[in-house]
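Participant: would you be able to build a 3D model of this:
(one chain, ligands or ions: 2)
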Amino acid sequence: MPVPTLVLNFGHSVLRSLTDYTEAASEIYRHYRNGWNIVAVTSAQGDQTDVLMAEARRIGPEGTSEGGGARNLPELLQLGERRSAALLALALERIGAPAFVRQARDLGLTADGDPMNAVLTGLNTGQLMQDLKDHDIVVMPGFVAIGEKDRAVLLGQGGSDLTALYVADQLGAPALLLKDVDGVYDRDPREASDQPLRRYGRVSYADVRRKAGPLIASRALDYAESTGQRFRIGKPGVAGSSQVGDVSDKPVEITSPKKLRIAMMGLGIVGGGVWRRVAEHSDRFEIVRVMVRSPEKYIDQGYPEALLTTESADLFAADPDIFIDVSGPIEPALQMTRDMLDKGVHVVSANKQAMATGGQALLDLAAQSTAQLLFSSAAGGGMPVLEMCIREKGRIARVEALLNGTTNFMLGEMDKGMTYDDALTLAQDRGYAEADPTSDVDGHDAAAKIRLVSLLGFGVELTPEQIERDTLAQVDEKLKPGTILKRVARVSGDTGKLVADLRLRALSPNNFLAKADGEDAHAVFDFTDGDRYVIRGKGAGRWPTTESVMADLYDLSNATP
Ligand SMILES: NC(=O)c1ccc[n+]([C@@H]2O[C@H](COP(=O)([O-])OP(=O)(O)OC[C@H]3O[C@@H](n4cnc5c(N)ncnc54)[C@H](O)[C@@H]3O)[C@@H](O)[C@H]2O)c1
Ligand SMILES: N[C@@H](CCO)C(=O)O
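Facilitator: Ligands and ions are numbered 1, 2, ... in the order given. Got it, this is the predicted structure:
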């Protein structure tokens, strides 16, 4: 079965500053981890199109305007959307999400008529489907298509909404247009009024025109109505949205999400990343206390002394809604996780050793608690391997995966001629390795992740001793000419008999796992019905791991009334 595709459009209103591209990448990642392939269509940032237009007026022929007068104007004006696509792809790359930029020409997106207001006529859906199969996420500029004589043409005002709706329609995929409002309201939210604002769950094309004219370009709305296409309008990071179609429901008042109080343990590579990203979302989250071993070290780095503590009791006393564990050792992390769940505090953990040791008993405790236990970042870094396990449990026959970023990175560097020691030092410098990196090289780290895959994907608890493993010291004896060496985690079987190991395997260069570069993580899931899914991401590092923690935080925020 092909992976379902979702088309997202990032409008001008959500691409105002460079930071907004980070938010857009997060939005894409959250959908990707939920099992979607993504086509992300970009608008230009802020007023980029106006800036380009002003340049054209200065340099171009007399009479150059949005209405026409210069045949080469589309070549210039398309650059805003193309720049946006490249920036978004870079933001995705930073968090380790797979991303491939495609231009209208590559995808055979064609249009006819007025070069400033052209009408879309075709898309090479076969090419786009292939790109999605190969890369999972395709980023493309909106607003531009290829017209007569292979020249660029533009789609008029709000053209990227139209691009997204057209592409979604051609693929038979759902579309979500992302704006700075989380749906269609009964009046423009910018208008001052003492009446409460109400959002539509479902809203008709006619009501969108009547109540929310500036929200979506009329050409895009006309296109959807003429083809009977339903689509959603929403806001990055917010679960609620409005579905545009034939009918309207009664709009309802929406309350803003409660600001969640966070107590955190650990402020290292991952903790430092989480701190910064949470600070960018001060409307949704607030860090109220952080437990570290040596506060002086963090005060020197500029963290506020008043928030730091060495005492776990202070974290409980801070009355948090969420406990984030980004420490390394099993204890006190595991006991604190249990105690927090007992108190009804949600837990987000990156601590794979604590989660694997807690095992089924910890999951049972969480199931009895009013709070949730989320630990997506504990395995695979930014690769959503545990999400896939949870989603597909009961259907999985075998998982093959690269689950340790440090060793994958080291194998790549050693293959290029670096020594084992230098490769390990570099992995540590880049923040991939554990505090004690023997855990990475001897397979202890990957074994904990294999235990989490077994637990969530197969419902089986394995002990570390049940996982046979090769250490990285065995590289020379395993390498074969013409092959690529990877240390592959493998889990297969069923609840009756599950077999798991971690082996250095000499793979053919065509093998999907062999194509993972550097700290990349790849995983192949084979299902009992013969289906196969592959997923990718970065297996380690500050930003990919932070993104995974942030996605768990957003899930909690969106689920909290
Ligand atoms: N670095 C990565 O790429 C990555 C990826 C996924 C998961 N993880 C996991 O995330 C966690 C943190 O990793 P990191 O790379 O940030 O490690 P790090 O060594 O950079 O940071 C660990 C932090 O935990 C603190 N800490 C440890 N024990 C503590 C205790 N008892 N009380 C208070 N603070 C304590 C340390 O002082 C430090 O601030 C680990 O469990 C790791 O396995 C790391
Ligand atoms: N040290 C771990 C961090 C991610 O869990 C790795 O290299 O994979």
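
Participant: look through the stretch 51-200 of the chain and state the residue closest to ligand 1.
Facilitator: Residue nearest to ligand 1 within the stretch 51-200 of the chain (Cβ to the nearest ligand atom): Gly96, separated by 10.0 Å. Where you see a C-beta, it was placed from the backbone N, CA and C, and this is true even at glycine.

Participant: which non-adjacent residue is nearest that residue?
Facilitator: Closest residue to Gly96 apart from its sequence neighbours, by Cβ to Cβ, 6 or more residues apart in numbering: Lys538 at 2.6 Å.

Participant: phi, psi for Arg490 please.
Facilitator: With angles defined as degrees, to the nearest 10, Arg490 sits at phi -130, psi 130.

Participant: next, count neighbours for it.
Facilitator: As a burial measure, Arg490 scores 18 neighbours (other Cβ atoms under 10 Å).

Participant: output the contacting helices and strands for the worst-scoring helix or strand of the chain on mean pLDDT.
Facilitator: None of the helices or strands of the chain scores lower by mean pLDDT, DSSP states H and E than helix 475-478, at a mean of 83. Applying 3 or more Cβ pairs under 8 Å, 6 or more residues apart in numbering; DSSP states H and E, one finds that helix 475-478 contacts strand 498-507.

Participant: and the strand it packs on, is it in reach of ligand 2?
Facilitator: No. In terms of Cβ under 6 Å from any ligand atom, no part of strand 498-507 sits within range of ligand 2; the closest distance is 12.2 Å.

Participant: which residues are in contact with the next helix or strand after that strand?
Facilitator: Proceeding N to C from strand 498-507, the next assigned helix or strand is strand 520-527, under DSSP states H and E. Residues external to strand 520-527 that are found in contact with it (Cβ atoms under 8 Å, 6 or more residues apart in numbering): 96, 380-383, 385, 388, 392, 395-403, 405, 408, 512-513, 515-516, 532-540.

Participant: just the closest residue of this structure to ligand 1, please.
Facilitator: For the chain, Cβ to the nearest ligand atom, closest residue to ligand 1: Gly268, 2.0 Å.

Participant: circling back to that earlier point, report the buried members of the contacts of strand 520-527.
Facilitator: 96, 380-383, 385, 388, 392, 396-403, 405, 408, 513, 516, 533-540 (16 or more other Cβ atoms under 10 Å).

Participant: among those, which lie within helices?
Facilitator: Using DSSP state H, the subset of those located in helices is Val385, Met388, Glu392, Gly405, Asn408.

Participant: now stretch 407-416: average pLDDT?
Facilitator: For stretch 407-416, mean pLDDT is 95.

Participant: same check on stretch 419-426?
Facilitator: In the prediction, stretch 419-426 has an average pLDDT of 96.

Participant: quick one: it to chain centroid distance?
Facilitator: 30 Å (Cα atoms, centre = their mean, to the nearest Å).

Participant: is any part of that stretch close to ligand 2?
Facilitator: No. Stretch 419-426 does not reach ligand 2 (Cβ under 6 Å from any ligand atom); its nearest approach is 10.8 Å.

Participant: for stretch 476-493, same thing?
Facilitator: No. Shown here: stretch 476-493 not in contact with ligand 2 (Cβ under 6 Å from any ligand atom), separated by at least 10.8 Å.

Participant: for that stretch, buried residues please.
Facilitator: Ile484, Leu485, Lys486, Arg487, Val488, Ala489, Arg490, Val491, Ser492.

Participant: spatially nearest residue to the residue lying farthest from the centre of the chain (excluding sequence neighbours)?
Facilitator: Distance from the C-alpha centroid of the chain, by Cα atoms, centre = their mean, peaks at Glu62 (46.0 Å). Nearest-residue entry for Glu62: Gly69, 7.7 Å, with adjacent residues in sequence omitted and distances by Cβ to Cβ, 6+ apart.

Participant: so who does that neighbour touch?
Facilitator: Gly69 neighbours (Cβ under 8 Å, 6+ apart): Gly60, Pro61, Glu62, Gly63.

Participant: are any of those buried, and if so which?
Facilitator: Looks like the contacts of Gly69 have Gly60 buried, using 16+ other Cβ under 10 Å.

Participant: quick check: which of the contacts of Gly69 are also close to ligand 2?
Facilitator: Answer for those near ligand 2: none qualify (Cβ under 6 Å from any ligand atom).

Participant: let's have the contacts of Gly69 in a markdown table, adding secondary structure.
Facilitator: A markdown table is the format used below for the contacts of Gly69 (DSSP: H, G, I helix; E, B strand; the rest coil):
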| residue | secondary structure |
| --- | --- |
| Gly60 | coil |
| Pro61 | coil |
| Glu62 | coil |
| Gly63 | coil |
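
Participant: closest one of the contacts of Gly69 to ligand 2?
Facilitator: Looking across the contacts of Gly69 and measuring by Cβ to the nearest ligand atom, the closest to ligand 2 is Gly60, at 52.4 Å.
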